[in-house]
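J.: I'll drop the sequence and a predicted model, then ask my questions.
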Amino acid sequence: MADLSTQYLGLKLKNPLVASPSPFTETVDGVKRLEDAGVSAVTLYSLFEEQIIHESEELDHYLTAGTDSFAEAQSYLPDAGKYSLSPDKYLEHLAKVKKAVKIPVLGSLNGVSTGGWVKWAKKIEEAGADALELNIYFMPTDPAIAGRNIVSDQVSLVRDVKAQIKIPLAVKLSPFYTAMPNVAQQFAGAGAAGLVLFNRFYQPDINLEKLEVEPNLQLSRSDELRLPLRWIAVLADRVKCDFALSTGLHTGDDLAKAILVGASVGQVTSALLKHGPGRVKEILDGFKAILEQHEYKTVSEMKGAMCQKRVAAPAAYERANYMKVLGDFKTLP
């Protein structure tokens, strides 16, 4: 019988399926349902940099009423009520979850700049988190900001967060970097024990009747797995850290592909939102069947077997594959 256990961020997990942030992780009962369903770890909902700054500015308002600074700050800092948990309640929730379940619990910080808010990484550690995921969700819109400055600032942020904690740090990235291997190497050098590929940006839509820009949530599909698969395959033997695949994991086949290219774990959200926690067993059963079909006794034997450096045709992960696909497409409607 195949052994499904794996290692991620120095944590021993009973299998490679991790529940990433979702409404399930916002309640203790929700997390317990995920544990009972069979996930090996959970990552809680993010505590946002803006939340922390907003709360700090609000306190400063009451301490320094009558100054102009707070009025200006309110014009660009979001309303804390838009977020699910205030900073202090987030820590309380984390502590309660940690006491209620036996699986590892990862805290999450969402931020893009260095500053006083970074100290909350330590608070998350003190609340009981087994590891911390830093979610760098940033879309630059200012033409004056150069790409190299963005990377430099984000690497500094990772270094600053890591300096606050002793627990392992994972960094969740977007796919929109010019030189992903170099960027990944910089983050690992700054203290990231793992990289989560990729953050999925939610794109706004246009309401043609109201002529308004509206937020629009589309759950992921299995075909979106290809982007993180490709990059983990390229990076797995080049960058010294663990990898978690995020976006597009819905089936046991998807999880098997993630492990084959070099991921330590796969993160799942959309499949749980579509089908409920019962989907976990289906994914793990499917994954186990593939493991046994190919006579892998452990996940570690399977891990990285199809990363770029180990496959017979490594160019399949590069430009040559693009040329082949175009050449094979000959049928016109």
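T.: Noted; the coordinates are in hand. Keep in mind that this is a model prediction, so the values were computed, not measured. Residues are numbered from 1 along each chain as shown.
J.: which residues in this structure form helices?
T.: With helices called from DSSP state H, the chain shows them at 28-37, 49-63, 69-74, 87-100, 120-126, 147-164, 180-189, 226-235, 252-261, 270-275, 279-293, 299-302, 319-328.
J.: now, of the ones you listed, which is deepest in the fold?
T.: Between the helices of the chain, helix 252-261 has the highest mean count of neighbours, a mean of 24, where neighbours are mean count of other C-beta atoms under 10 Å. For every residue, glycine as well, the C-beta is placed using N, CA and C.
J.: ok so, going back, can you redo the helices of the chain as CSV with distance to residue 309 and mean pLDDT?
T.: Formatted as CSV, the helices of the chain follow (distance: least, C-beta to C-beta, whole Å; pLDDT from 0 to 100):
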stretch, distance to residue 309, mean pLDDT
helix 28-37, 35, 98
helix 49-63, 37, 60
helix 69-74, 50, 34
helix 87-100, 38, 96
helix 120-126, 34, 97
helix 147-164, 25, 94
helix 180-189, 12, 97
helix 226-235, 9, 96
helix 252-261, 11, 98
helix 270-275, 30, 95
helix 279-293, 22, 97
helix 299-302, 16, 97
helix 319-328, 16, 61
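J.: so which of these comes closest to residue 216?
T.: Proximity to residue 216, assessed across those by C-beta to C-beta, is greatest for helix 270-275 (14.5 Å).
J.: one step back: would CSV of the helices of the chain with distance to residue 7 be doable?
T.: What follows is the helices of the chain, written out as CSV (distance: least, C-beta to C-beta, whole Å):
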stretch, distance to residue 7
helix 28-37, 19
helix 49-63, 30
helix 69-74, 44
helix 87-100, 20
helix 120-126, 20
helix 147-164, 19
helix 180-189, 16
helix 226-235, 16
helix 252-261, 12
helix 270-275, 23
helix 279-293, 16
helix 299-302, 8
helix 319-328, 30
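J.: compare these and give me the one nearest residue 5.
T.: Residue 5 sits nearest to helix 299-302 of all the helices of the chain, at 6.7 Å, using C-beta to C-beta.
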